[in-house]
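> With the input below, show me the fold.
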Amino acid sequence: MTRVLKYILYDILRTRFILLYTAFLFISTFGLYQLDSDSGKVVLSLLNIVLMVVPLVSTVFSTIHFFNSYEFIELMLAQPVKRSTVFLGEYMGVACSLCVAFVTGVGVPILLFGINANALTMLYTGVTLTLVFVSLAFLSSVLTRDKAKAIGIALLFWLYFSLIYDGLLLWVVYSFSDYPLEKITLVLIAFNPVDLARIIMLLQLDISALMGFTGAFYQEFFGSYLGIVLSTLVLFIWIVLPIALAQRIFNRKDL
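So this is what the prediction gives:
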């Protein structure tokens, strides 16, 4: 797996996209620090980028890279190499390159302007969301041989978790407002990794007014520390489960 991983990382790092992605994150973070000296406000502004741009870039880039690497995957599978080794090597190569790009683009300005617990949590949530959506992108890639369909499925994942899910959750809460929905809402939150990442960040910042409906429940039921731990555990499941399912499909798939 190590050789496969090195080749994939070398191949990805040669692309201009990773450099442009890193530059975009660096310029955005550096610019926000220039506009406001309050690190708390800067982190809140960066939260919007992390929750929207990072999942979108992770899903689209991962799906496109997987299909562009199809000939390499077929070549590797013609050798005495396990399918799981090739597949996990592809996943780790893409995930590591995107995580390094995010940490570099956001982390360097943070180091320049002063690192703190809020900034570290921001880096952590960004890396976690990257891993989650790379897993979802690989799952969408093994579901079909059509590149356009796979990109469409990946974009549906991003659209659903970033925009649609919160609307559906609010509709459920509004429609059944006469019933005690607190515990049910806590369960429903676990089905959206973007919401979980947002809650981790806002619980760290401890800004009750900005937590919204879902974050307020976590704060009330679990408190800041336990809420962050539980959200982290569920996000870990969101990383492992899609890639495990994708690997299972890939191992049985006729290439």
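> Report the mean per-residue pLDDT for the one helix or strand Gln247 maps to.
Here Gln247, judged by DSSP states H and E, is contained in helix 223-252. Computed over helix 223-252, the mean pLDDT rounds to 85.
> Helices along this protein, start to end?
Using DSSP state H, the helices of the chain run over 2-13, 16-35, 39-68, 70-77, 83-113, 117-142, 147-159, 165-175, 182-189, 193-205, 212-221, 223-252.
> gap between stretch 94-112 and the chain center?
The chain centre lies 13 Å from the centre of stretch 94-112; the measure is Cα atoms, centre = their mean, to the nearest Å.
> Name the residues of that stretch that are buried.
By 16 or more other Cβ atoms under 10 Å, the buried positions in stretch 94-112 come out as 94-103, 105-107, 109-110. Quick note: C-beta positions are derived from backbone N, CA and C, even for glycine.
> Can you tell me which of those residues is nearest Met122?
The closest of the buried residues of stretch 94-112 to Met122 turns out to be Val106 (Cβ to Cβ; 7.0 Å).
> The closest one and Leu123 touch, don't they?
Yes: the criterion here is Cβ atoms under 8 Å, and Val106 meets it with Leu123 at 6.2 Å.
> for the stretch 101-250 of the chain, what are the low-confidence residue spans?
For the stretch 101-250 of the chain, the stretches with pLDDT under 70 are 177-183, 206-225, 227.
> Can you give me the distance of the nearest residue to Thr144 once chain neighbours are set aside to Ile27?
Closest residue to Thr144 apart from its sequence neighbours, by Cβ to Cβ, 6 or more residues apart in numbering: Ala150 at 5.4 Å. Using Cβ to Cβ, to the nearest Å, one gets 30 Å for the distance from Ala150 to Ile27.
> These two: which is more packed in?
Ala150 (23 against 12; other Cβ atoms under 10 Å).
> pretty sure the more buried one is in contact with Ser141, am I right?
Yes: with contact defined as Cβ under 8 Å, Ala150 reaches Ser141; the gap is 4.9 Å.
> who touches both of the two?
Contact with both Ala150 and Ser141 is made by residues Thr63, Phe66, Phe67, according to Cβ atoms under 8 Å, 6 or more residues apart in numbering.
> Most neighbours out of these, which is it?
Counting neighbours by other Cβ under 10 Å, Thr63 leads the shared contacts of Ala150 and Ser141 with 26 neighbours.
> And that one, how far from Arg83?
Taken as Cβ to Cβ, the span from Thr63 to Arg83 is 19 Å.
> With Pro242 instead?
Distance, Pro242 to Arg83, by Cβ to Cβ: 17 Å.
> Pull the contacting residues for the most centrally placed residue in the chain.
Centroid-nearest residue in the chain: Leu129, 2.0 Å away (criterion: Cα atoms, centre = their mean). Residues near Leu129 by Cβ under 8 Å, 6+ apart: Val50, Leu51, Val54, Pro55, Ser58, Pro193, Val194, Ala197.
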